[in-house]
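Colleague: Take a look and give me a structure for this.
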Amino acid sequence: MKKFTLAFCILTLGSSTVYATKNAESPVGDAATGKTKSALCAACHGADGNSVNPLWPSLAGQHAKYTVQQLNNFQSEARKEQTMSPMAAPLSPQDMLDLAAYFESQTPKIGDAIEKSLKLGQKVYRGGNKETGVSACIACHGPKGKGNPAAKYPAIAGQHGKYALKQLQDYKSGARKAEGNAVMMRDIALKMSDAEMKAVTDYVQGLY
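Modeller: Numbering: from 1, shown residues only. Predicted coordinates for the structure are as follows:
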């Protein structure tokens with residue numbers, strides 16, 4: 001099977017009152033401290049951020065800024081999830097930074113793209129669907145699915161297809177609230193067919 005790569009993202013855990021900063025305006029996380037705090041995260045996301053359950057996202061290699069954003073969303077319940085919201089609730093800002101730094105430092109494992117989905121999946125990822133107005137995934141997530149950390153577009157290389165598919169379905173149904181950059185994902189998902197969603201997430205699972 002051909003390989004490619006993806007990653008959509010999320011985390012959990014801990015509590016700390018220590019704040020590490022480059023300066024007062026640029027807080028940073030410590031990967032070594034994050035590893036210690038990640039014990040609870042490992043149960044679902046894997047000790048190295050590579051989850052074994054395809055419905056749970058892998059966090060290895062995910063941009064720290066995106067991970068922190070999602071943890072804040074879970075904590076405020078702007079993004080609701082019955083497991084993650086309670087896990088994020090006790091986290092301090094520094095906990096989030098440390099966890100995000102740790103998972104960003106890990107290497108994502110590349111999955112296998114699904115052969116039967118390659119043609120359509122590649123077409124949607126690289127070129128979208130001009131007839132229905134579906135934007136190409138490559139525009140924000142890049143040719144290798146590495147995303148854009150500055151714009152907080154997540155890395156999607158190596159992400160489980162089943163997890164990624166559920167996110168697209170949730171954007172389309174409104175189950176996952178869209179705000180900020182995610183508004184684009186809602187608009188795109190609304191225009192995608194079920195077949196396109198399945199194919200592109202099967203494709204991205206092996207993108208690299």
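Colleague: The nearest residue to Ser85 once chain neighbours are set aside - how many residues pack around it?
Modeller: The shortest distance from Ser85 to any non-neighbouring residue, by C-beta to C-beta, 6 or more residues apart in numbering, is to Phe74 (5.1 Å). Placement of C-beta: from N, CA and C, glycine included. Neighbourhood size, Phe74 [other C-beta atoms under 10 Å]: 24.
Colleague: Now do the same for Phe74: helix, strand or coil?
Modeller: Following DSSP: H, G, I helix; E, B strand; the rest coil, Phe74 is assigned to helix.
Colleague: That one and Glu196, how far apart?
Modeller: According to C-beta to C-beta, to the nearest Å, Phe74 stands 28 Å off from Glu196.
Colleague: measure the residue nearest to Ser85 to Ala113 for me?
Modeller: For Phe74, the distance to Ala113 equals 29 Å [C-beta to C-beta].
Colleague: what's the average pLDDT for stretch 200-207?
Modeller: For stretch 200-207, the mean pLDDT works out to 97.
Colleague: Would you indicate which residues of that stretch are buried?
Modeller: For stretch 200-207, the neighbour count (16 or more other C-beta atoms under 10 Å) marks 200-207 as buried.
Colleague: Between these, which sits nearest His45?
Modeller: Nearest to His45, judged by C-beta to C-beta, of those is Gln205 at 16.5 Å.
Colleague: Give me the spatial nearest neighbour of that closest one, chain neighbours excluded.
Modeller: Closest residue to Gln205 apart from its sequence neighbours, by C-beta to C-beta, 6+ apart: Gly161 at 3.9 Å.
Colleague: Break the chain into its domains for me.
Modeller: Structural domains assigned to the chain are 21-104, 115-204, following automatic domain parsing.
Colleague: Please pull up the helix or strand immediately following the helix or strand hosting Asp95.
Modeller: Using DSSP states H and E, Asp95 falls within helix 93-104. Scanning forward in sequence from helix 93-104 by DSSP H and E, the next helix or strand is helix 118-127.
Colleague: re the thing from before, what's the farthest-apart pair in the buried residues of stretch 200-207?
Modeller: By the measure C-beta to C-beta, Val200 and Gly206 form the most distant pair in these, at 11.8 Å.
Colleague: which intervals of this protein have sub-threshold pLDDT?
Modeller: Applying pLDDT under 70 to the chain flags the ranges 1-25.
Colleague: What segments of it are helices?
Modeller: 31-37, 39-45, 64-76, 84-88, 93-104, 118-127, 138-141, 161-173, 182-191, 194-204 (DSSP state H).
Colleague: Of those helices, flag the one that's most buried.
Modeller: helix 93-104 (a mean of 26; mean count of other C-beta atoms under 10 Å).
Colleague: That one packs against which elements?
Modeller: On a contact count with 3 or more C-beta pairs under 8 Å, 6 or more residues apart in numbering; DSSP states H and E, helix 93-104 meets strand 26-27, helix 31-37, helix 39-45, helix 64-76.
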